[in-house]
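> sequence and predicted structure, then a few things I'm wondering about:
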Amino acid sequence: MKASEIREKPYQEILEELEACKRELLNLRFQWQAGEMRNSAQYRQIRKNVARLKTVLREAELGVNASLLGRKNEKESI
C-alpha cells in the first residue's frame, strides 16, 4: 500500500487499518515463536505499512495533510 493511497482514505478507516496491521504483527510474532512462520518478508512489509499509516496520521495532526483532517472533522460532527 502506498502513502498516496492511504491519504485518500477517511481518517477512521486509516485508524481501523492501523489496528488490523498491529493485530497481524502480533499474529506473525506468535507464528515465529512457534516455528510456523512461512513468509518472513511479510513481517517487514507489515511493519512498513504500520509506519506509513502512522506517518499519514501524524501529517493530519500537524496540518500537513489538511484534507484528511477536514474529513476527520466532518465525521465527528455527524
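Looks like it came in fine. Predicted model only: the values in this text are computed from it and were never measured.

> count the neighbours of residue 49 for me.
Residue 49 is flanked by 18 other residues according to other C-beta atoms under 10 Å. (Glycine included, C-beta is placed from N, CA and C.)

> could you do residue 40 as well?
Residues near residue 40, counting by other C-beta under 10 Å, number 10.

> what does residue 52 give?
Neighbours around residue 52, by other C-beta under 10 Å: 20.

> once you drop chain neighbours, what's closest to it?
Distance criterion C-beta to C-beta, 6 or more residues apart in numbering; nearest residue to residue 52, sequence neighbours excluded, is residue 3 at 5.2 Å.

> can you pull the phi and psi angles for residue 9?
Dihedral pair for residue 9: phi -80, psi 150, per degrees, to the nearest 10.

> any idea how far it lies from residue 15?
Taking C-beta to C-beta, to the nearest Å as the measure, residue 9 falls 10 Å from residue 15.

> more crowded one of those two?
Counted by other C-beta under 10 Å, residue 9 and residue 15 do not tie: residue 9 has more neighbours, with 17 against 14.

> and the pLDDT for that one?
pLDDT recorded at residue 9 is 90.

> pLDDT of stretch 29-48, averaged?
In the prediction, stretch 29-48 has an average pLDDT of 91.

> quick one: contacts of that stretch?
The contact list for stretch 29-48 (C-beta atoms under 8 Å, 6 or more residues apart in numbering) reads 21, 24-25, 28.

> now, which of those residues lie within helices?
21, 24-25, 28 (DSSP state H).

> okay, the residues you listed in CSV with distance to residue 58 and neighbour count next?
Listed next are the ones in helices among the contacts of stretch 29-48 as CSV, based on distance: C-beta to C-beta, whole Å; neighbours: other C-beta atoms under 10 Å:
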residue, distance to residue 58, neighbour count
21, 16, 21
24, 21, 15
25, 19, 16
28, 24, 19
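
> now these as JSON lines including distance to residue 45?
Output for the ones in helices among the contacts of stretch 29-48, formatted as JSON lines (distance: C-beta to C-beta, whole Å):
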{"residue": "21", "distance to residue 45": "10"}
{"residue": "24", "distance to residue 45": "10"}
{"residue": "25", "distance to residue 45": "10"}
{"residue": "28", "distance to residue 45": "10"}
